[in-house]
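**Student:** can you look at this prediction? I've put the sequence above it.
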Amino acid sequence: WILGYSDAAPTARMSAAAPAPLRDAIRDTPEAVPLAQLDERFHRFVLGLPDYAVDEPSLEERTLLRRLQLHSVQFDVRSLPRLPTVLPQLLRSLKADNVGGAQLSKLIGRDPVLVGEVMRVSRSIYYRTLHPIQSLQHAVVLLGQDGLRRVVTMHVMKPILHASAGMFGHVAGQRLWEHAERCAHACAYLGKSTSDPFEAYLAGIVCNTGTGAVVRLLDQEAPAEIGPLTGQFLAACARLGAKISLKAAEHWDLPANVLAALEERADGRTAPSSQLGRALACADTLAMTQVLCDHGLLPSGASPVGAQCEFFPAAMIERCQQDLQRQFREAEAQAD
């Protein structure tokens, strides 16, 4: 129904569906990865699914898609994890140029988890200084407003993406978060000359919020015997996720440019026309590529091929990929 099929029984499945691990399936993959292949491989990785050679959804999948479609239309964004009460006030303060470090420190100090995040990031390799950070106010001044916006946004989104649980969700949360971090970083990098840096970062960090919600719906609705799922089913779920991401962003009253970029992403029928929408489309594919490379599911140095990356010069795409590798290699080294 969602994909345009009738309710007639599907044609017989291919018999080859022995699920080989993705790691074995990509040994001979060339460096250039078509977008459709990249999308499917990433979503299989997020859900912990093996590769699958069947293309046409089964009757069970089409029935499940109907239920997911209905749930997505009726989805209540208030069911997402609540935002900590301090965050709206803090984000409003960060929009003002005349707010001092002492005032911001006082607000941040009301949320112990946010204090920990601010201190952790300020002591990272990226911000390392000659003298150790001794106080929250020192950390706030060191990070600056742009750095604080990013830390606060991460503090909001990480628990939301980690809220999944169940047959699919037990692996999806961390993997979606890995993508969100890289997508936000790449979107800010690609949009730095045409968009507000924080808006670009925000668009990247929230773009898969709805995917996490769809994962939770799958855990509630999918029968245990559903099987490894076809690529068309996963693509339909991704489209539903993009629409829920837009709903969530509207509920959170995100900036108009961010909403426009997410709306273009949810539409999916035409190429994005806004500068931020183009940066987000490209960043999304680069982040998927980087996550799969980091986990050995694509060859090192793989690059996506598709319209999403044609908005930017090849040299800029390459520099963005190098920046992603460097940034998150350092972050992983710091965590170790």
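**Tutor:** Yep, that arrived. Numbers count the residues shown, from 1 in each chain.

**Student:** all helices of the stretch 51-200 of the chain, in order?
**Tutor:** 59-73, 86-94, 101-108, 112-122, 136-161, 169-190, 197-206 (DSSP state H, counting those that start in this stretch).

**Student:** buried deepest among those helices, which one?
**Tutor:** Comparing the helices of the stretch 51-200 of the chain by mean neighbour count (mean count of other C-beta atoms under 10 Å), helix 197-206 comes out on top with a mean of 25. Bear in mind the C-beta positions are built from the backbone N, C-alpha and C, glycine included.

**Student:** helices or strands next to that one in the packing?
**Tutor:** Secondary-structure packing of helix 197-206 (3 or more C-beta pairs under 8 Å, 6 or more residues apart in numbering; DSSP states H and E): helix 136-161, helix 169-190, helix 231-251, helix 256-267, helix 275-294.

**Student:** and with 6 Å instead?
**Tutor:** Here helix 197-206 touches helix 136-161, helix 169-190, helix 256-267, helix 275-294, going by 3 or more C-beta pairs under 6 Å, 6 or more residues apart in numbering; DSSP states H and E.

**Student:** quick one: average pLDDT of the shortest one?
**Tutor:** I take that to be helix 256-267. For helix 256-267, mean pLDDT is 94.

**Student:** redo the helices of the stretch 51-200 of the chain as TSV? Include mean pLDDT and distance to L229.
**Tutor:** Converted to TSV, these look like this (pLDDT from 0 to 100; distance: least, C-beta to C-beta, whole Å):
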stretch	mean pLDDT	distance to L229
helix 59-73	89	7
helix 86-94	69	35
helix 101-108	82	42
helix 112-122	79	35
helix 136-161	78	21
helix 169-190	89	13
helix 197-206	87	25
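
**Student:** out of the ones you listed, which is closest to A314?
**Tutor:** A314 lies closest, by C-beta to C-beta, to one member of the helices of the stretch 51-200 of the chain: helix 169-190, at 12.8 Å.

**Student:** hmm, who's touching the closest one?
**Tutor:** With contact meaning C-beta atoms under 6 Å, 6 or more residues apart in numbering, helix 169-190 is reached by 46, 48, 158, 161-162, 164, 197, 200-201, 203-205, 208, 212, 215-216, 219, 279-280, 282-284, 286-287, 290-291, 320, 323-324, 327.

**Student:** got it, and stretch 235-247?
**Tutor:** For stretch 235-247, the external contacting residues (C-beta under 6 Å, 6+ apart) are 2-3, 65, 72, 75, 77, 207, 209-211, 213-214, 262-263, 265-266.

**Student:** and if we set it to 7 Å?
**Tutor:** With C-beta atoms under 7 Å, 6 or more residues apart in numbering as the test, stretch 235-247 has contacts from 2-3, 39, 43, 65, 68-69, 72, 75, 77, 206-211, 213-214, 262-263, 265-266, 268.

**Student:** buried members of the residues you listed into PyMOL, please.
**Tutor:** Those of the contacts of stretch 235-247 that count as buried under 16 or more other C-beta atoms under 10 Å are selected in PyMOL with:
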select buried, resi 2+39+43+65+68+69+72+75+206+207+208+209+210+211+213+214+262+263+265+266
